[in-house]
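>>> Here is my input, please return the structure:
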Amino acid sequence: MGLSPDAGAGPRLETPRLWLRPTRLEDFEPWAEFAANPVSMRFLGGPQPKPVAWRAFVSMAGSWAIYGFGMFSLIEKSSGRWLGRLGPWRPDGWPGNEIGWGIVQDAEGKGYALEGACAAIDWAFESLGWTDIVHCIDDDNERSIALAKRLGSRWLRRALTPPPISVDLNLYGQTRAEWRAQRGGLPR
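Residues are numbered from 1 along each chain as shown. As a prediction, the model looks like this:
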């Protein structure tokens, strides 16, 4: 994983196939398409009309502005295409320091979430100083449960997300020490 500046807009992480960078206005149209897709959004609260997607989008940008972190826009290096959002997320009342992911439907199953999550976890532990991470996952989201386990996370407990939309989810997670102990077998 390399780190390079992005015109003062925050960190830009590099993996072999991806750039992870803070949300930019140019990301909104693909974000809105992703948010409208019922398959992509099945486990993320359901499809959202464009005005609701806008609120979620600017919340992510606001997290970067206020806290210095938020989910990264996931960009395919070879095409420049926006593939989803992935990375650290911890709004007020959240059940932990989350590393979450949401990938566009036609990019699923290609290892992008694994590659990006490894870079985001490294960054959260190294740059944010987090000592643990969680992944909030719906009971029926078998792909995300498998990814969390592949990342070395284990089931921790049930947790409720804060209002206004309180959702009862599974929390998978691990400590920084656990991550470091098994990190060598995962993509860099």
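>>> Trp89 is in contact with Ala120, correct?
No. With contact defined as Cβ atoms under 8 Å, Ala120 does not count as touching Trp89 (9.9 Å). C-beta here means a position set from N, CA and C on the backbone, and glycine is covered the same way.
>>> Pull up the overlap in contacts between these two.
Common neighbours of Ala120 and Trp89, using Cβ atoms under 8 Å, 6 or more residues apart in numbering, are Ile99.
>>> buried residues in the lengthiest helix in the chain?
Determined from DSSP state H, the single longest helix within the chain is helix 50-67. Neighbour-count burial for helix 50-67, counted by 16 or more other Cβ atoms under 10 Å, picks out 53, 57, 60-61, 63-64.
>>> for stretch 165-179, same thing?
Of all the residues in stretch 165-179, those buried under the rule 16+ other Cβ under 10 Å are 169-174, 176, 179.
>>> quick revisit: closest to Thr131 among the buried residues of helix 50-67?
Ser63 (19.8 Å; Cβ to Cβ).
>>> Help me confirm that Gly80 is found in a strand?
No. According to DSSP: H, G, I helix; E, B strand; the rest coil, the state of Gly80 is coil, so it is not within a strand.
>>> contact partners of stretch 63-78?
Counting by Cβ under 8 Å, 6+ apart, 10, 13-14, 17-24, 27, 60-62, 81-91, 100, 103, 107, 112, 116, 120, 124, 128 sit against stretch 63-78.
>>> How about stretch 181-188?
Applying Cβ under 8 Å, 6+ apart, the set of residues contacting stretch 181-188 is 1, 15-16, 111, 114-115, 118, 122, 150-152.
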